[in-house]
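Visitor: I would like the atomic coordinates for the input below:
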Amino acid sequence: MGSCSRDHNFPPSIFGTWITKERPNWNGDYPLNYNHMAPYYALYSGDRIEQTDPYYMPLLASIPRGNYYSEKVTSIPGGILLPAGIGPLGIETTRRTPFWDTNYKKWIKDKNVEDEGVFLGQKSNSAYTVVNMAMQFYHT
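Guide: Numbering: from 1, shown residues only. Next up, the predicted model:
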């Protein structure tokens, strides 16, 4: 983590900073169903709290889109519903695109896409992102 978690706006993605191809799997995004959170767990108890700061930046940048999905998908205004994965600076890496239409037809047919956002049936991702925030609260 010390070698890749320094830039606050671009924390390490699912493959860290060692992506070796033009289009990495999962778009090289921050999967919100465990994979973006897990690398940071030990930093809290290891007293490396400052290195966890980059974790929060893509989440904070995605709040406006999370508000949109909360209202459109669940009819809950003011809530935050995040898709299966996000990118830096509020980029929505899992948004339905022609690439998704071509390569993930079964996922679309199985209703894993709602209002053009890819949720994969996971509605608890936003709540799960709070685990590290709670860890920071309890360790500081």
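Visitor: just the helices in the chain please.
Guide: Ranges of helices in the chain, per DSSP state H, are 41-45, 53-61, 63-74, 98-103, 105-109, 125-128, 130-139.
Visitor: Can you list the low-confidence ranges for this structure?
Guide: Within the chain, the stretches with pLDDT under 70 are 15-17, 26.
Visitor: Now find how far off-centre stretch 39-47 is within its chain.
Guide: Centroid separation between stretch 39-47 and its chain, computed with Cα atoms, centre = their mean, to the nearest Å, is 19 Å.
Visitor: Including distance to residue 83 and mean neighbour count, could the helices of the chain go into CSV?
Guide: The C-beta positions use only the backbone N, C-alpha and C, and glycine is treated the same way. Putting the helices of the chain into CSV (distance: least, Cβ to Cβ, whole Å; neighbours: other Cβ atoms under 10 Å) gives the following:
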stretch, distance to residue 83, mean neighbour count
helix 41-45, 23, 15
helix 53-61, 12, 18
helix 63-74, 7, 16
helix 98-103, 12, 10
helix 105-109, 12, 11
helix 125-128, 7, 18
helix 130-139, 16, 14
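Visitor: Which one of the ones you listed lies nearest to residue 90?
Guide: Closest of the helices of the chain to residue 90 is helix 53-61, at 3.7 Å (criterion: Cβ to Cβ).
Visitor: first vs last residue of stretch 29-45, how far apart are they?
Guide: End-to-end distance of stretch 29-45 (Cα to Cα, to the nearest Å): 26 Å.
Visitor: what's the nearest residue to residue 59 if we skip its chain neighbours?
Guide: Using Cβ to Cβ, 6 or more residues apart in numbering and skipping residues adjacent in sequence, the residue nearest residue 59 is residue 129, 5.4 Å away.
Visitor: so how far is residue 84 from that neighbour?
Guide: Residue 129 sits 12 Å away from residue 84, taking Cβ to Cβ, to the nearest Å as the criterion.
Visitor: Thanks a lot, catch you later.
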